[in-house]
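Novice: Sequence isn't available, so here's the structure alone:
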């Protein structure tokens, strides 16, 4: 377990010159589908699989599905076609997320000096950072980083790196983009292993702009510190590996994942708050990854949170499904839109994913 401290005392005025999240933006594919739509589209009749879909606490997901065949069924995509979907859909969503992030800020594309791209739903070389720099026409001197394959927790791993770069380059704009075309990681083989994944994930991209403003005038919360927890004994509980039978990569989720994550949530939050003088009851806003109904419930119970505290987490799960690394930014965006945040309040961001890993960040608004 590790912790990166950005402000030894988050109650001090020094927190005002820490890196700040000044804006966020999101993007999803055009088409969305209800769980029943997907069941009907793929003629899924197995009652066990239908139950998984219907009891997921998800109403709709945005997906990029293969074309419909003359008989009404959907084409089976090869691994190559899935990778092309990852690239094409990812670039489209990534561009729109960045533009949405900048829309209501005082910054423009030319102001971006650092670009960090996160993805787990495919592999590209060059990665999304290079592709988006070209697509958006960013300056060729833009520094960049690709974080690939870390999973749903990776948004906070990336944000940690972005915050570090912003701290070292005051006044320069850093951008993080989570690009997850989760439908490019689907395998339709009729197994319960694949059914759980296929019932849960949706496509989406989310961007966050970060800057260290020494004058303290930039809007948004200060990023005070980060804390991580990896659970090595659960290293195989969430994995994306090769399926020889299908000739594709396939994602696996162990049924014990919610309980493993929940059992370690209190420990990592305790480390995040250690030395700050803050208690969990001092945290006004919780933004937790929309990992799934059981994961959310397990975190809620183990941290003693109310359903209201996780309303945006469950709302994003309901409306979009699990968006992998960008999920927490969708929830964070809803918190901002709600307009209930008061100056000086503290917030915690939490993501979880393969490793098994829990990542956290402490904010001060």
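Specialist: In hand now; what should we look at? These numbers were taken from a predicted model, which means no experiment stands behind them.
Novice: Tell me where the stretch 51-200 of the chain has strands.
Specialist: 60-62, 112-119, 143-148, 173-180 (DSSP state E, counting those that start in this stretch).
Novice: typed the wrong thing, it's the stretch 201-350 of the chain
Specialist: Using DSSP E, counting those that start in this stretch, strands in the stretch 201-350 of the chain cover 204-211, 222-230, 238-243, 248-253, 283-288, 346-353.
Novice: do you know how far residue 281 is from residue 269?
Specialist: 12 Å (Cβ to Cβ, to the nearest Å). Quick note: C-beta positions are derived from backbone N, CA and C, even for glycine.
Novice: okay, these two: which has more neighbours?
Specialist: residue 269 (23 against 7; other Cβ atoms under 10 Å).
Novice: State the distance from that one to residue 30.
Specialist: 38 Å.
Novice: Excluding residues flanking it in the chain, which one is nearest residue 103?
Specialist: Nearest in space to residue 103, with sequence neighbours left out and distances taken as Cβ to Cβ, 6 or more residues apart in numbering, is residue 25 at 6.7 Å.
Novice: which SS state does that neighbour fall under?
Specialist: Look at residue 25: counting by DSSP: H, G, I helix; E, B strand; the rest coil, its state is strand.
Novice: Quick check: it touching residue 95?
Specialist: No - contact between residue 25 and residue 95 fails when scored by Cβ atoms under 8 Å: they sit 10.6 Å apart.
Novice: so where's the longest helix in this structure?
Specialist: helix 79-103 (DSSP state H).
Novice: Next, the angle from that helix to strand 204-211.
Specialist: 40 degrees (axes from the mean of the first three to the mean of the last three Cα atoms, to 10 degrees).
Novice: Quick one: mean pLDDT for helix 79-103?
Specialist: The average pLDDT within helix 79-103 is 96.
Novice: what's the pLDDT at the residue nearest to residue 103?
Specialist: In this model, residue 25 carries a pLDDT of 98.
Novice: on that earlier part again, name the helices or strands packed onto the longest helix of the chain?
Specialist: Identification of packing neighbours for helix 79-103 by 3 or more Cβ pairs under 8 Å, 6 or more residues apart in numbering; DSSP states H and E yields strand 20-27, strand 112-119, helix 128-136, strand 173-180, strand 204-211, strand 248-253.
Novice: Could I get the average pLDDT for the second one?
Specialist: Across strand 112-119, pLDDT averages out at 98.
Novice: Note down every partner strand of that strand and its orientation.
Specialist: Using DSSP bridges, strand 112-119 pairs in its sheet with strand 143-148 (parallel), strand 173-180 (parallel).
Novice: Pull out the buried positions in the longest one.
Specialist: Along strand 173-180, these residues count as buried under the neighbour rule (16 or more other Cβ atoms under 10 Å): 173, 174, 175, 176, 177, 178, 179, 180.
Novice: Just give me how far that strand sits from the chain centre.
Specialist: 11 Å (Cα atoms, centre = their mean, to the nearest Å).
Novice: Could you do the first one as well?
Specialist: Its chain's average C-alpha position is 16 Å from that of strand 143-148, according to Cα atoms, centre = their mean.
Novice: That strand vs helix 128-136, what angle?
Specialist: Using the same axes, to 10 degrees: strand 143-148 against helix 128-136 is 130 degrees.
Novice: I'd like to check what contacts strand 143-148. Which residues are they?
Specialist: 113-120, 123, 127-130, 133, 154, 157-158, 161, 165 (Cβ atoms under 8 Å, 6 or more residues apart in numbering).
Novice: try 10 Å
Specialist: 112-133, 138, 154-155, 157-158, 161-162, 165, 169, 172, 174-176, 178, 325 (Cβ atoms under 10 Å, 6 or more residues apart in numbering).
Novice: in that strand, what counts as buried?
Specialist: 144, 145, 146, 147, 148.
Novice: Who is the fourth one paired with across the strands?
Specialist: In this structure, residue 147 has beta-bridge partners residue 118, where bridges are defined by DSSP bridges.
Novice: That one and residue 346: what is the separation?
Specialist: 26 Å.
Novice: just to revisit the earlier point, nearest to residue 333 among the helices and strands packed on helix 79-103 would be which one?
Specialist: When the helices and strands packed on helix 79-103 are ranked by proximity to residue 333, the top entry is strand 20-27, at 5.0 Å, counting by Cβ to Cβ.
Novice: helices or strands up against the next helix or strand along the chain from that closest one?
Specialist: Next along the chain after strand 20-27, taking DSSP states H and E as the criterion, comes strand 32-34. Applying 3 or more Cβ pairs under 10 Å, 6 or more residues apart in numbering; DSSP states H and E, one finds that strand 32-34 contacts helix 35-41, strand 60-62.
Novice: Need the winner for burial among those.
Specialist: strand 60-62 (a mean of 22; mean count of other Cβ atoms under 10 Å).
Novice: packing partners for that one?
Specialist: Partner elements for strand 60-62 (3+ Cβ pairs under 10 Å, 6+ apart): strand 32-34, helix 35-41, helix 311-320.
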